[in-house]
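> Show me the folded form of this:
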Amino acid sequence: MKVGPWTPSLLPSMVRFWNRSFASRRNFIPMTERSFRERVLSKETTHEKFDPTCLLVAREGKEIVGFIHVGIRPEQLCRVLDPEWRRGTQGYVAFLYVDPERRKKGLGTDLWHRGLERLRGTRQVVLDGQCFNPFYGNSEGPFTPMWGTPEGVSIDWNDSATKKFLARKGFAPRFKGVQLSIDLAPLATPDGKPAKALARQGYELKTIRDYYPEIGHGLQERRPILPGLSYEVVVAVHRKKVVGLISTYPMSAVRSGLYGIYEAVVVESLRGRALGKRLLEAAVGRMKEQGGTHCEVLTLPELSPAAHKLYLGAGFVPVQNWAIY
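Model (predicted):
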């Protein structure tokens with residue numbers, strides 16, 4: 001068994017390992033050398049860049065049997081993610097996986113400690129359960145993750161072995177994420193009712209596809225996201241400001257007709273007035289108009305019970321639970 005940092009020669013083995021390890025996961029997309037290179041190896045954002053020394057790989061012969069991927073967030077990014085962040089960098093574990101046949105032999109713990117060694121000197125180490133990292137989620141904008149939720153890869157709530165392993169390292173799930181799905185086919189054809197209902201409340205309904213607006217700001221203010229993404233944002237505008245929005249994107253890489261909800265939010269002062277319900281109705285109608293057959297969304301009932309209830313009331317049903325660390 002050899003454990004060491006990433007080298008380009010490992011790419012074919014990593015693709016084989018990835019595809020045989022995660023093919024049964026929800027919304028799995030078969031990986032290729034090109035897609036793994038684009039999503040992970042060549043990734044560079046304003047704050048982070050792929051570091052081969054942070055991707056530690058275990059090999060038996062020419063085949064990969066496990067890996068851990070860690071990263072370090074600069075102080076500036078930490079303040080964006082946490083307004084109360086005081087100082088210093090944050091280390092995170094983005095991914096840890098060992099082939100089931102090699103488990104209970106110390107390999108996972110060895111990879112864990114090697115990963116933490118790379119994070120020495122950071123103020124805090126976290127499990128990046130919400131996929132804020134740029135490699136395995138879509139925090140940079142609405143696009144289909146490699147597998148898992150519409151937001152990124154995660155840990156199955158019923159994966160007791162992984163949860164016990166992480167518990168021994170001092171980590172417990174912060175939330176139980178519930179993935180919901182709805183069959184769009186039997187729904188009625190949109191008839192403009194959401195727009196009319198919002199108009200009666202004093203809101204203007206707009207659909208935007210060429211840029212991503214910012215909640216609470218003027219309609220023309222744009223959120224920076226990756227260029228070239230396919231998505232649609234349904235917004236409610238009041239007094240020239242975006243007071244509510246719901247964004248969707250096609251998950252066609254998984255299967256034709258599948259859509260994901262990337263974000264749904266209403267300004268706090270206007271919550272409880274059915275604004276979210278009307279936006280969801282409008283977004284569902286738009287997906288159906290574009291040939292959508294199913295839509296999925298990740299909810300956190302403990303953190304946002306109203307949103308979870310809204311989706312259930314609209315006809316969404318639970319399809320999988322996730323442990324969000």
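> where do the strands sit along this protein?
Assigned by DSSP state E, the chain shows strands spanning 2-5, 55-60, 63-73, 90-98, 124-127, 155-156, 175-183, 204-208, 232-238, 241-250, 258-266, 294-299, 317-324.
> what comes up buried for the longest one?
Put plainly, it is strand 63-73. 64-73 (16 or more other Cβ atoms under 10 Å). The C-beta positions use only the backbone N, C-alpha and C, and glycine is treated the same way.
> which of these lies closest to residue 166?
residue 68 (12.5 Å; Cβ to Cβ).
> List the contacts of residue 269.
Contact partners of residue 269, counting by Cβ atoms under 8 Å, 6 or more residues apart in numbering, are absent.
> swap in residue 216?
Per Cβ under 8 Å, 6+ apart, neighbours of residue 216: 241-243, 267.
> And those residues, which is closest to residue 250?
residue 242 (22.6 Å).
> Just to check, that closest one is in contact with residue 223?
No: between residue 242 and residue 223 there is no contact, the gap being 10.4 Å when judged by Cβ atoms under 8 Å.
> Are there residues contacting both of these two? Which ones?
213-214.
> Mind checking which of those two has more residues around it?
residue 242 (23 against 14; other Cβ atoms under 10 Å).
> and the more buried one, how far is that from residue 268?
Separation of residue 242 from residue 268 (Cβ to Cβ, to the nearest Å): 14 Å.
> Over to residue 35?
In terms of Cβ to Cβ, residue 35 sits 39 Å off from residue 268.
> more crowded one of these two?
residue 35 (15 against 8).
> For the nearest residue to the more buried one once chain neighbours are set aside, grab the count of nearby residues.
Leaving aside its sequence neighbours, residue 35 sits nearest to residue 29 (Cβ to Cβ, 6 or more residues apart in numbering; 7.7 Å). Other residues within reach of residue 29, judged by other Cβ under 10 Å, total 18.
> Phi and psi next, for residue 29.
As for residue 29, its main-chain torsions (degrees, to the nearest 10) stand at phi -110, psi 120.
> For it, give me its contacts.
Here residue 29 is in contact with 35, 144, 146-147, 253-254 (Cβ under 8 Å, 6+ apart).
> Also residue 222?
Contacts of residue 222 (Cβ under 8 Å, 6+ apart): 211-214.
> do you know how far residue 178 is from residue 138?
For residue 178, the distance to residue 138 - Cβ to Cβ - is 19 Å.
> Correction: the previous question concerned residue 12.
Residue 12 is 26 Å from residue 138, by Cβ to Cβ.
> Between the two, which has more neighbouring residues?
Neighbour count, other Cβ under 10 Å: between residue 12 and residue 138, residue 138 has more, with 22 against 11.
> Return the per-residue confidence for the nearest residue to the more buried one once chain neighbours are set aside.
Leaving aside its sequence neighbours, residue 138 sits nearest to residue 145 (Cβ to Cβ, 6+ apart; 5.6 Å). pLDDT, residue 145: 97.
> possible to save the buried residues of strand 63-73 as TSV with distance to residue 321?
Shown next, in TSV, are those (distance: Cβ to Cβ, whole Å):
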residue	distance to residue 321
64	29
65	28
66	25
67	25
68	24
69	24
70	26
71	26
72	30
73	28
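> returning to what we had before: hmm, which of the contacts of residue 29 are the buried ones?
144, 146-147, 253-254.
> Quick one: those residues as TSV, columns for distance to residue 183 too.
Below are those laid out as TSV (distance: Cβ to Cβ, whole Å):
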residue	distance to residue 183
144	19
146	24
147	21
253	20
254	16
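> Show me which of those is closest to residue 103.
Among the buried ones among the contacts of residue 29, and counting by Cβ to Cβ, the member closest to residue 103 is residue 147, at 20.0 Å.
> before we move on, the earlier item: what is the most widely separated pair among the contacts of residue 222?
211 and 214 (10.0 Å).
> More neighbours: the two, which one.
residue 214 (16 against 13).
> From residue 245, how far off is that one?
Distance from residue 214 to residue 245, by Cβ to Cβ: 9 Å.
> and if you look at residue 206?
In terms of Cβ to Cβ, residue 206 sits 10 Å off from residue 245.
> okay, and the common contacts of these two?
Counting by Cβ under 8 Å, 6+ apart, the residues touching both residue 206 and residue 245 are 234-235.
> Show me which of these two is the more surrounded one.
The residue with more neighbours, out of residue 206 and residue 245, is residue 245; 25 against 16, by other Cβ under 10 Å.
> So the more buried one is in contact with residue 234, correct?
Yes: assessed by Cβ under 8 Å, residue 245 is found in contact with residue 234 at 6.7 Å.
> shared neighbours of those two, anything?
Contacts common to residue 245 and residue 234, judged by Cβ under 8 Å, 6+ apart, are residue 279.
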